[in-house]
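Peer 1: Provide a 3D model corresponding to the input given below.
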Amino acid sequence: MLALFTFMATWTNFFWPFIVLDPSNPTLPVALQLLQAAHFVDYSVVLAGAVLSTVPLLLVFVLAGRQLVSGIMQGAVKG
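Peer 2: Residues are numbered from 1 along each chain as shown. Below you'll find the model as predicted:
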């Protein structure tokens, strides 16, 4: 669980990469923020980017969740 939560926290981290990295090499949350202009926002592009950035999180959560449930079920069996 700790590894899952740590991965999710680092994947969605915004402030530190926004401060440290230059705009030519952004992370996904910073790139989503850069898609928004000052006066016009193309919501189809922003929402497509949001979906593409959440797909790896969902895959990791499903795989780690399967391991987590199997570990709980093994610990629940009385021997």
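
Peer 1: from Leu35, how far off is Trp16?
Peer 2: 20 Å (CB to CB, to the nearest Å). Using the backbone N, CA and C atoms, a C-beta is placed for each residue, glycine as well.

Peer 1: and Val55, which of the three is it?
Peer 2: helix (DSSP: H, G, I helix; E, B strand; the rest coil).

Peer 1: pull the contacting residues for it.
Peer 2: With CB atoms under 8 Å, 6 or more residues apart in numbering as the criterion, no residue contacts Val55.

Peer 1: could you pull out the helices for the chain?
Peer 2: Listed in chain order, the helices of the chain (DSSP state H) span 2-11, 15-20, 28-34, 43-76.

Peer 1: please identify the most buried of those.
Peer 2: helix 28-34 (a mean of 16; mean count of other CB atoms under 10 Å).

Peer 1: to the chain's geometric centre, what's the distance from it?
Peer 2: Here helix 28-34 is found 12 Å from its chain centre; the criterion is CA atoms, centre = their mean, to the nearest Å.

Peer 1: what's the average pLDDT for that helix?
Peer 2: Mean pLDDT, computed over helix 28-34, is 84.

Peer 1: ok, now stretch 60-67?
Peer 2: Per-residue scores along stretch 60-67 average to 84.

Peer 1: show me the shaky parts of the chain.
Peer 2: Filtered on pLDDT under 70, the chain yields the residue ranges 78-79.
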